[in-house]
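S.K.: Got a predicted structure plus its sequence, pasted below:
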Number of protein chains: 2
Amino acid sequence: MVNLIKEIPISMRGVIRSQQLDPTDRRILLALDEDPRAPTMVLAQRLGLARGTVQSRIERMTASGVLRANSTRVDPEGLGRGVLAEVSAELDQSHINEAVAALGGIPEVLECLAPAGDTDLLIRVVATSPDDLYRVSEEIRLCPGIRRTSTRMILRTVIPYRTTALLGADDGGGAAPSSAPPKRRRT
Amino acid sequence: MVNLIKEIPISMRGVIRSQQLDPTDRRILLALDEDPRAPTMVLAQRLGLARGTVQSRIERMTASGVLRANSTRVDPEGLGRGVLAEVSAELDQSHINEAVAALGGIPEVLECLAPAGDTDLLIRVVATSPDDLYRVSEEIRLCPGIRRTSTRMILRTVIPYRTTALLGADDGGGAAPSSAPPKRRRT
DNA sequence: GGTAGAGTGGTCAATCTGATCAAAGAAATT
DNA sequence: AATTTCTTTGATCAGATTGACCACTCTACC
């Protein structure tokens, strides 16, 4: 087991994000779900906002990094990668950077997370077939710094990735959570 | 343990997708990473394609379901959900549909996968804090049909979700994998 | 009260759009 | 190989939209 927090310098999660989405941003994002390329004029009319507001909000969100690349919307199945799997990996402490760099060089590696607990990395991968998954898993296992891997194939996506419930959460403003414990009223 | 393949009717993965992205689609998607709302005129010029082609390709991809909702691009951290975790859950076979429906009703549940192996569901969740994560995990645990859960907090995103390597893979056409075993040449 | 930032509505020339068309090219079928 | 079907291309047009700019208003903060 290794401590990845200090050892891995490259991280999106470790970057302090200055932008929090306010209700207007979120309304805009929900509207963009209908048509991600809708003209700002149309969005403004639909949302009852000034056109300049919609424009500047979209620009700001785009510039701030709070939105991932558009290509993250692509279903890997559309690229012939119908098999999804999660690979757990234990790392060798002296080759952490090489391991991560090597993993980043494998196209089928979609994402790589460092969890608390009994494994060092959780790697989300895709493949064209179970046999191809074996190949990808081997490729991962042979990365420098990878000591041990375990592959778990995903049989079904029961609830596809979604954020609309978070965006639509009625929580009054900024980043306050909608599902926080209710405030106690004085009685 | 339960067999989720037959029991869960609602699934995106189970739907047969007719659209496979060809090299032109993929070039367009890579160009859209620079600016997801770039005018088709500009994209066409950059890609050396007719404007009508870009337009019809984007329309086709949009209509086919091969792209997820735009809101999936949102980093939950921008919504105050800075804590990410994976919850493993074992299900009670007689309440599977209720379990899934209940999970779908929890805004912090981003995604729900059914893996092969020793657990029934892998649930990706977010929360505002570790304490909030405890609350979310409890909410999940109390869903009908959930028999046992285990929560693993993600400490760091080592490689953020990305598909560009798959899109940019030089594999000649359609959905053929670029990292498939090389064809044996006759010698 | 003063200041800074955000939102509003308006303006303008340039750019873009959706829709349509005919022709050419590419792919699929017979 | 010939035929059919599909896709791409380039062109056209009136209307829509854009980026940039402006003055004004509103809101939040000091």
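M.R.: Looks like it arrived, so ask away.
S.K.: Wait, a strand at A:Met153?
M.R.: Yes - per DSSP: H, G, I helix; E, B strand; the rest coil, A:Met153 lies within a strand segment.
S.K.: pLDDT value on it, please?
M.R.: At A:Met153, the pLDDT value in this model is 97.
S.K.: With A:Ile8 instead?
M.R.: 40.
S.K.: do A:Asp75 as well
M.R.: 96.
S.K.: Enumerate every residue touching it.
M.R.: B:Arg17, B:Gly65, B:Val66, B:Leu67, B:Arg68 (Cβ atoms under 8 Å, 6 or more residues apart in numbering or on different chains). Yep, even glycine has a C-beta here, placed from its N, CA and C like the rest.
S.K.: C-terminal to the longest helix anywhere in chain A, what's the next element?
M.R.: What stands out as the longest helix in chain A, according to DSSP state H, is helix A:51-64. Later in the chain than helix A:51-64, the nearest helix or strand by DSSP states H and E is strand A:83-91.
S.K.: mind checking the SS state of the closest residue to A:Val87 other than its chain neighbours?
M.R.: Of all residues not flanking A:Val87 in the chain, A:Ile123 sits nearest, at 4.2 Å (Cβ to Cβ, 6 or more residues apart in numbering or on different chains). At A:Ile123 the chain is in strand, as set by three-state DSSP.
S.K.: Beta-bridge partners for A:Ile123, please?
M.R.: A:Val87, A:Cys112 (DSSP bridges).
S.K.: Who are the contact partners of it?
M.R.: A:Glu86, A:Val87, A:Ser88, A:Ala89, A:Leu103, A:Val109, A:Glu111, A:Cys112, A:Leu113, A:Ile140.
S.K.: now, which of the contacts of A:Asp75 sits nearest A:Gly145?
M.R.: Distance to A:Gly145, by Cβ to Cβ, is smallest for B:Arg68 among the contacts of A:Asp75, at 32.1 Å.
S.K.: number of nearby residues for the closest one?
M.R.: B:Arg68: 18 surrounding residues under other Cβ atoms under 10 Å in any protein chain shown.
S.K.: Weed out the non-buried ones from the contacts of A:Asp75.
M.R.: B:Val66, B:Leu67, B:Arg68 (16 or more other Cβ atoms under 10 Å in any protein chain shown).
S.K.: For the last one, give me its contacts.
M.R.: Taking Cβ under 8 Å, 6+ apart as the contact definition, B:Arg68 lies against A:Thr72, A:Arg73, A:Val74, A:Asp75, A:Pro160, A:Tyr161.
S.K.: Got the phi and psi for the fourth one?
M.R.: In terms of degrees, to the nearest 10, the main-chain angles of A:Asp75 are phi -80, psi 120.
S.K.: For chain A, which residues are neighbours of DNA strand C?
M.R.: A:Thr24, A:Leu49, A:Ala50, A:Arg51, A:Gly52, A:Thr53, A:Ser56, A:Arg57 (Cβ under 7 Å from any atom of the strand).
S.K.: Apply 6 Å and report the result again.
M.R.: Contacts of chain A with DNA strand C, taken as Cβ under 6 Å from any atom of the strand, map to A:Thr24, A:Leu49, A:Ala50, A:Gly52, A:Thr53, A:Ser56.
S.K.: and those residues near DNA strand D, which?
M.R.: Among the residues of chain A next to DNA strand C, DNA strand D is touched by A:Gly52 when using Cβ under 6 Å from any atom of the strand.
S.K.: Can you say which two of the residues of chain A next to DNA strand C are spatially most distant?
M.R.: The widest separation within these (Cβ to Cβ) is 12.7 Å, between A:Thr24 and A:Gly52.
S.K.: Pull the number of nearby residues for A:Arg148.
M.R.: 12.
S.K.: Return the residues in contact with it.
M.R.: By Cβ under 8 Å, 6+ apart, the neighbours of A:Arg148 are A:Ala89, A:Glu90.
S.K.: Surely it is in a strand?
M.R.: Yes - under three-state DSSP, A:Arg148 falls within a strand.
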